[in-house]
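K.L.:
3D model of this:
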Amino acid sequence: MSLDSKAMFSMSYGLYVVSAEADGQKAGCVINTAVQVTSKPIRISVAVNKDNVTAGVIKRAGAFTVTALDQTSDMLYIGNFGFRSSDTYNKFEKYETAVSEVGSPYCPEHACAMYACKLIDTVDVGTHYLFIGEAVQAEKLSDEPPLTYSYYHETLKGKTPPKASSYQG
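P.N.:
You can find the predicted model right below:
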């Protein structure tokens, strides 16, 4: 039996920014793996690379906020959150920033929805942590269609960074 890693490109993904704040440190990064896993209570899982500053901040904060990016997102916005490190760059200073009910910063621009979650479990899945949170706040932010990973690749011509859960080296 063979394993064709290109078969993974047939899975449907969106693009999201996951963010948190702990001990005065704000962090956020672009992810493509955010999923509603239950409806009562609403629980959401996100996969974040262990090497991302955001992973450590989520663990310390005990909470995170996810924004679902919409199709108005451009590569400058995505690059701001996806191709820089939160330990050397303030990702929130260029854009309007709000604070969710769990204390996480988030940017409503280019986002169609936001979900603020209390961290209830962390699962080590190898290169990433799977953070599972219970939603305490959810808001629709715009009527724009969500930004899918397919749209990001085909229309925006975006690349998959090495720390992404779907990276193919």
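K.L.:
hey, let's count contacts and neighbours off CA atoms from now on
P.N.:
OK.
K.L.:
residues contacting residue 136?
P.N.:
Counting by Cα atoms under 8 Å, 6 or more residues apart in numbering, residue 136 touches 101-102, 115-118.
K.L.:
partners of the helix or strand hosting it, with directions?
P.N.:
Using DSSP states H and E, residue 136 falls within strand 128-140. Sheet pairing for strand 128-140, assigned by DSSP bridges, gives strand 42-49 (antiparallel), strand 111-124 (antiparallel).
K.L.:
most packed of those?
P.N.:
Counting by mean count of other Cα atoms under 10 Å, strand 42-49 has the highest mean neighbour count of those, with a mean of 22.
K.L.:
give me the contacts around stretch 124-132.
P.N.:
43-50, 55, 119-123, 165.
K.L.:
so which of those comes closest to residue 92?
P.N.:
Using Cα to Cα, residue 55 comes nearest to residue 92 of the contacts of stretch 124-132, at 16.9 Å.
K.L.:
out of the strands paired with strand 128-140, flag the one nearest residue 84.
P.N.:
Using Cα to Cα, the strands paired with strand 128-140 put strand 42-49 closest to residue 84, at 13.8 Å.
K.L.:
quick check: mean pLDDT of the helix or strand that that closest one is followed by?
P.N.:
With elements assigned by DSSP H and E, the helix or strand that comes after strand 42-49 is helix 53-61. Mean pLDDT, computed over helix 53-61, is 97.
K.L.:
may I see the buried residues of helix 53-61?
P.N.:
Buried residues in helix 53-61, defined by neighbour count with 16 or more other Cα atoms under 10 Å: 53-59, 61.
K.L.:
re earlier: going by distance to residue 4, which of the contacts of stretch 124-132 wins?
P.N.:
For the contacts of stretch 124-132, the nearest to residue 4 is residue 165 (16.1 Å; Cα to Cα).
K.L.:
now the strands for this protein?
P.N.:
Remark: strands assigned in the chain by DSSP state E are 16-22, 25-31, 34-39, 42-49, 63-69, 98-99, 105-106, 111-124, 128-140.
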